[in-house]
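Engineer: Have a look at this prediction, sequence included:
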Amino acid sequence: MSVFEQINQTSSQAVDKGEEFLKKSHEYYRLKIFQQLTSSVSLLVKAVVVGAFILVGLLFLAISAAIGIGKALGSVSLGYLIVGAIFILISVLFYMFRSKINNKVIASLSKTFFD
């Protein structure tokens, strides 16, 4: 076997190994993308379901609190006004601390996605 045949054989083997590596890398990234997508969709669905139940519960609590405060003050509309003001105050606080909240959410999600 001549030197040129050995070089040809070695380069053919290198090409085969390179193609095999590309195929395996492609399969790996497809699986990784699938894992990330299913994880994201699962997280989103859970957040929507839990958020919906929390929202309904908060709605009932707010209505009952407004009625209770209104009866205590003698004016139901004043009770609704106070509960509305509390919600606005909470919203302003969330807005003021939004960057800290975002950083915590991003930090917790990055642990999930970059394992």
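Structural biologist: Yep, it's here.
Engineer: Roughly how far does Met96 sit from Asn102?
Structural biologist: Applying C-beta to C-beta, to the nearest Å, the value for Met96 to Asn102 is 13 Å. For every residue, glycine as well, the C-beta is placed using N, CA and C.
Engineer: So, low pLDDT: which residues of the chain?
Structural biologist: Residues of the chain that meet the criterion pLDDT under 70 lie in 1, 115.
Engineer: tell me which element Lys104 is part of?
Structural biologist: Under the criterion of DSSP states H and E, Lys104 resides in helix 98-113.
Engineer: Can you tell me which helices and strands that helix packs against?
Structural biologist: helix 3-73 (3 or more C-beta pairs under 8 Å, 6 or more residues apart in numbering; DSSP states H and E).
Engineer: how far is the helix it packs on from where the chain is centred?
Structural biologist: Put simply, helix 3-73 sits 8 Å off its chain's centre (C-alpha atoms, centre = their mean, to the nearest Å).
Engineer: and what of stretch 76-91?
Structural biologist: Distance, centroid of stretch 76-91 to centroid of chain: 30 Å (C-alpha atoms, centre = their mean).
Engineer: Can you list the buried residues in it?
Structural biologist: The neighbour-count check on stretch 76-91 (16 or more other C-beta atoms under 10 Å) flags 79-80, 83 as buried.
Engineer: May I have it exported as CSV, CA atoms only?
Structural biologist: Extracted in CSV, the C-alpha atoms of stretch 76-91 (Å, rounded to 0.1, in the frame of the first residue of the first chain):
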residue,chain,number,x,y,z
VAL,A,76,-70.5,49.2,50.7
SER,A,77,-69.2,51.5,48.0
LEU,A,78,-66.5,52.8,50.4
GLY,A,79,-65.5,49.2,51.1
TYR,A,80,-65.0,48.6,47.3
LEU,A,81,-63.1,51.9,47.1
ILE,A,82,-60.7,50.8,49.9
VAL,A,83,-60.1,47.4,48.4
GLY,A,84,-59.5,49.0,45.0
ALA,A,85,-56.9,51.3,46.6
ILE,A,86,-55.2,48.4,48.3
PHE,A,87,-54.9,46.7,44.8
ILE,A,88,-53.5,49.8,43.3
LEU,A,89,-51.0,50.1,46.1
ILE,A,90,-49.9,46.5,45.6
SER,A,91,-49.6,47.1,41.9
